[in-house]
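Enquirer: Predicted model and sequence follow; I will ask about them next.
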Amino acid sequence: MQLLASGLSTGSIYALVGLGLMLAFKGTGVLNFAQGELVTLGAYTALFLSLTTSLPYWAIFILTILVAGVVGIVFERLLVRPLMRAPEFTVVVATLAVGLMIKDALRIAWQESVSSIPSPFADVSVRFGDISINAQYLWVTFCALAIMGMLALFFNNNLAGKAMRAVAQNQTAARLMGIRVNRVFSATFALSSAIAALAGILIAPIHGIEPEMGNVLMKGFVAAVLGGFNSLVGCVIAAFMLGVIETFGGAFFGGLFKDVTAFALLILVLLVRPNGLFGSAEARRV
């Protein structure tokens, strides 16, 4: 049970990163490879606020997410919007370059030391018989499921969510329908960055805060592709699978198993289902 809770918690972090990637892609058509560094930036923002202010945890929690939303808007205005007419590969490389710049800036500012922020559930444990489970694991899992549910409702039932999907499919047609594309871009990256910061805050009490936290991006990307890049539910289920398999494999076969599991599983699934476990092929008119 403890391994299962740990695996679901790890999978939840992958799910939040994958959902942030999918949100940006669904809203703008841009694959943001700086998402991992935005996770790290969110964690360091929370750490900075905890060290320099006397605010309680939940105030820092909310303020960090708001700051991340502003960072997302700035990121979109300064980088993504000027490159929207460039080839897709150019935009991807640009986001990757910005991610590396964020990582190096954080390394210069905070060095290589590992820090942490206290968890509000540090003294809380959930018991199942003789087994005690860290409540932080359950909190992370709950947040991932809640974000998935809210995004699903947002994209399917909310006018702004539908506008984001329309912009991602065809910007010209969206403008002709009266959608303000620039506002949609800003809102999309604000939400995506906020989700990244949420992941950073949640992972900090469990694994600590250090400049290489952004490496979780690749696991989140694998989860999104495994589940099907157009399926929010598929992303979360694939992330849970990945986290549980990694945790049990690492416990029984060693740490090396954790490093190869994600990509081996990705290759095996894509050989059988190229669109992912829950994805579907998109029809295009030619």
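Expert: Received, thanks. Just so we're clear, the structure is a prediction, and the values are computed from it rather than from any experiment.
Enquirer: Look up the closest residue to Ala166, ignoring the ones flanking it.
Expert: Nearest non-adjacent residue to Ala166, counting by C-beta to C-beta, 6 or more residues apart in numbering: Ala174, 4.5 Å away. In this view, the C-beta of every residue, glycine as well, is placed from N, C-alpha and C.
Enquirer: okay, now the residue nearest to Asn215 when sequence neighbours are not counted: neighbour count?
Expert: For Asn215, ignoring the flanking residues on the chain, the nearest one in space by C-beta to C-beta, 6+ apart is Gly36 at 6.5 Å. Gly36 has 29 neighbours, counted by other C-beta atoms under 10 Å.
Enquirer: One more: Gly149?
Expert: Neighbours around Gly149, by other C-beta under 10 Å: 13.
Enquirer: Check Phe61 too.
Expert: Neighbour count for Phe61, taken as other C-beta under 10 Å: 18.
Enquirer: Mind listing what's buried along the helix or strand harbouring Ala144?
Expert: For Ala144, the host element (DSSP states H and E) is helix 135-157. Buried residues in helix 135-157, defined by neighbour count with 16 or more other C-beta atoms under 10 Å: 135-141, 143-144, 147-148, 151, 154-155.
Enquirer: Check the residue nearest to Asn215 and give its pLDDT.
Expert: Here the pLDDT value assigned to Gly36 is 89.
Enquirer: Low-confidence stretches in the stretch 151-286 of the chain?
Expert: 255, 279-286 (pLDDT under 70).
Enquirer: quick one, strands of it?
Expert: With DSSP state E, counting those that start in this stretch as the definition, the stretch 151-286 of the chain shows no strands.
Enquirer: Helices of this protein, start to end?
Expert: For the chain, applying DSSP state H gives helices covering 2-28, 35-52, 57-75, 88-110, 135-157, 159-169, 171-176, 181-207, 216-227, 232-253, 255-272.
Enquirer: To Phe128, which of the ones you listed lies closest?
Expert: Closest to Phe128 of the helices of the chain is helix 2-28 (C-beta to C-beta; 9.2 Å).
Enquirer: I'd like to check the angle between that closest one and helix 255-272, please.
Expert: 50 degrees (axes from the mean of the first three to the mean of the last three C-alpha atoms, to 10 degrees).
Enquirer: packing partners for helix 2-28?
Expert: helix 35-52, strand 131-134, helix 135-157, helix 159-169, helix 181-207, helix 216-227, helix 232-253 (3 or more C-beta pairs under 8 Å, 6 or more residues apart in numbering; DSSP states H and E).
Enquirer: would a markdown table of those with distance to Ala5 be doable?
Expert: Supplementary listing: the helices and strands packed on helix 2-28 in a markdown table, determined by distance: least, C-beta to C-beta, whole Å:
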| stretch | distance to Ala5 |
| --- | --- |
| helix 35-52 | 21 |
| strand 131-134 | 4 |
| helix 135-157 | 5 |
| helix 159-169 | 32 |
| helix 181-207 | 11 |
| helix 216-227 | 18 |
| helix 232-253 | 9 |
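Enquirer: what's the closest of those to Ser116?
Expert: So among these, helix 181-207 is nearest, using C-beta to C-beta, at 5.9 Å.
Enquirer: If we go by neighbour counts, what in the closest one is buried?
Expert: Quick answer for helix 181-207 (16+ other C-beta under 10 Å): 181, 184-206.
Enquirer: and what of stretch 54-71?
Expert: By 16+ other C-beta under 10 Å, the buried positions in stretch 54-71 come out as 57, 60-61, 64-65, 67-69, 71.
Enquirer: where does that stretch sit relative to the chain's centre, distance-wise?
Expert: In terms of C-alpha atoms, centre = their mean, to the nearest Å, the centre of stretch 54-71 is set 17 Å apart from its chain centre.
Enquirer: circling back to that earlier point, ok, now which ones touch the residue nearest to Asn215?
Expert: Counting by C-beta atoms under 8 Å, 6 or more residues apart in numbering, Gly36 touches 17, 99, 196, 213-218, 220.
Enquirer: Just put these in JSON lines and tack on distance to Arg81.
Expert: Listed next are the contacts of Gly36 as JSON lines, based on distance: C-beta to C-beta, whole Å:
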{"residue": "Val17", "distance to Arg81": "23"}
{"residue": "Gly99", "distance to Arg81": "18"}
{"residue": "Ala196", "distance to Arg81": "19"}
{"residue": "Met213", "distance to Arg81": "27"}
{"residue": "Gly214", "distance to Arg81": "23"}
{"residue": "Asn215", "distance to Arg81": "28"}
{"residue": "Val216", "distance to Arg81": "27"}
{"residue": "Leu217", "distance to Arg81": "22"}
{"residue": "Met218", "distance to Arg81": "26"}
{"residue": "Gly220", "distance to Arg81": "24"}
